[in-house]
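# sequence first, predicted coordinates after that:
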Amino acid sequence: MATVDVDIKKLLEAGAHFGHKTSRWHPKMAPFIHSKRNGTHIIDLTKTVDSLDTALGFLEQTAADGKQILMVGTKRQAHDVIKELAETTDQPYVVERWLGGMLTNRNTIGGRVKHLKDLEAKMENGQLAAKYSKLEIQRFQEEIDEMNHIYGGIKNMNSRPGAVFIIDTTHDTNAVREAIKLGIPIVAVVDTNADPTVATYPIPANDDAIKTIALIADYARQAIEAGKAKAAKKADKADKTDKPEKSDEK
């Protein structure tokens, strides 16, 4: 259970209960649907609160264990929110196109990230400037910028993440497939057109409304920060325990 309090009124105000047209529904979302209104499914927000509480508890524990959480939101509505969430909590993220193998082919992806870091280091310490012309330096900078656009969010992903947080599983299907293949737990916002069973911790909610995405992202931020605070407190306690007591002897 999370230490974060989820407010059902805020979810309602953010439009989290609005699903898709009834013709687009996924039958497995039936347990999370409250009713129909003007041809649109309405999500049961009491189920959203319960699901969020469970999901946030898991995110908090993952952060407390010192594991990274990969944030994924490549759809237009989620792009900025997810990037801000990841940067605020110091987590890896993908908000541009998901490249095949970002999780399952770490050797190839890791090689590209290493190349990016090497170029950045050489640019910063002047190695490139001492060896190449201004035009060539400009081309190197363009390569760095382009690679950062693609790999910048996962540049500091140390190893396999402890969880993947996804806004729309029907949009970022490749991220879902790779996480499932590796057995990485998935926390995901699932709308009425999605299969909730692909997520380990599904959160039934509107995955198109920016207000809803921002609210859920803020809850995730609080959970992760709470988990990191627990980890820091535990580390501080262990550090004090390991230090030998000062002797009064002269």
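Received, thanks. These figures come from a predicted structure and were not determined experimentally.
# got a list of what residue 128 touches?
Shown in contact with residue 128 (C-beta atoms under 8 Å, 6 or more residues apart in numbering): 119, 122, 136-137, 140. C-beta here means a position set from N, CA and C on the backbone, and glycine is covered the same way.
# in helices, which of these fall?
With helices taken from DSSP state H, the overlap with the contacts of residue 128 comprises 119, 122, 136-137, 140.
# now that we have those, which of them are buried?
119, 122, 140 (16 or more other C-beta atoms under 10 Å).
# what number of residues lie near the residue nearest to residue 231 when sequence neighbours are not counted?
Among residues not flanking residue 231 along the chain, residue 64 sits closest, at 5.0 Å (C-beta to C-beta, 6 or more residues apart in numbering). Taking other C-beta atoms under 10 Å as the neighbour definition, residue 64 ends up with a count of 19.
# residues in contact with residue 64?
By C-beta under 8 Å, 6+ apart, residue 64 lies in contact with 226-228, 230-231, 234.
# do you know the pLDDT at the residue nearest to residue 65 when sequence neighbours are not counted?
Distances taken as C-beta to C-beta, 6+ apart place residue 162 nearest to residue 65, at 6.5 Å, with adjacent residues excluded. Note for residue 162: predicted pLDDT of 97.
# what does residue 247 give?
Value for residue 247, per-residue pLDDT: 53.
# where does the chain dip in pLDDT?
Counting by pLDDT under 70, the ranges of the chain that qualify are 1, 239, 241-250.
# buried sites along the top helix by length along it?
Among the elements of the chain assigned as helix by DSSP H, the one spanning the most residues is helix 210-242. Of the residues in helix 210-242, 211-224, 226-228, 230 count as buried by neighbour count, 16+ other C-beta under 10 Å.
# next: stretch 90-98.
Of the residues in stretch 90-98, those buried by neighbour count under the rule 16+ other C-beta under 10 Å are 91-95, 98.
# and for stretch 37-44?
Of the residues in stretch 37-44, 40-41, 43 count as buried by neighbour count, 16+ other C-beta under 10 Å.
# pull up the distance across that stretch, start to finish.
13 Å (C-alpha to C-alpha, to the nearest Å).
# next up, the contacts around the closest residue to residue 116 other than its chain neighbours.
Counting by C-beta to C-beta, 6+ apart, residue 116 lies nearest to residue 147, which is 4.4 Å off, once chain neighbours are set aside. For residue 147, the contacting residues are 112, 115-116, 119, taking C-beta under 8 Å, 6+ apart as the criterion.
# returning to what we had before: just the ones of the buried residues of stretch 37-44 in helices?
Residues from the buried residues of stretch 37-44 lying in helices, with DSSP H as the criterion: none.
# re the thing from before, Throw the buried ones among the ones in helices among the contacts of residue 128 into TSV and include distance to residue 182, thanks.
Output for these, formatted as TSV (distance: C-beta to C-beta, whole Å):
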residue	distance to residue 182
119	29
122	33
140	34
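# closest to residue 51 out of the residues you listed?
Distances from residue 51 to these, taken as C-beta to C-beta, are shortest for residue 119 (42.9 Å).
# bridged to the closest residue to residue 86 other than its chain neighbours, which residues?
Setting aside the residues directly before and after it, residue 86 is nearest to residue 93 in space (C-beta to C-beta, 6+ apart), at 3.5 Å. The partner list for residue 93 in beta bridges (DSSP bridges) reads residue 71.
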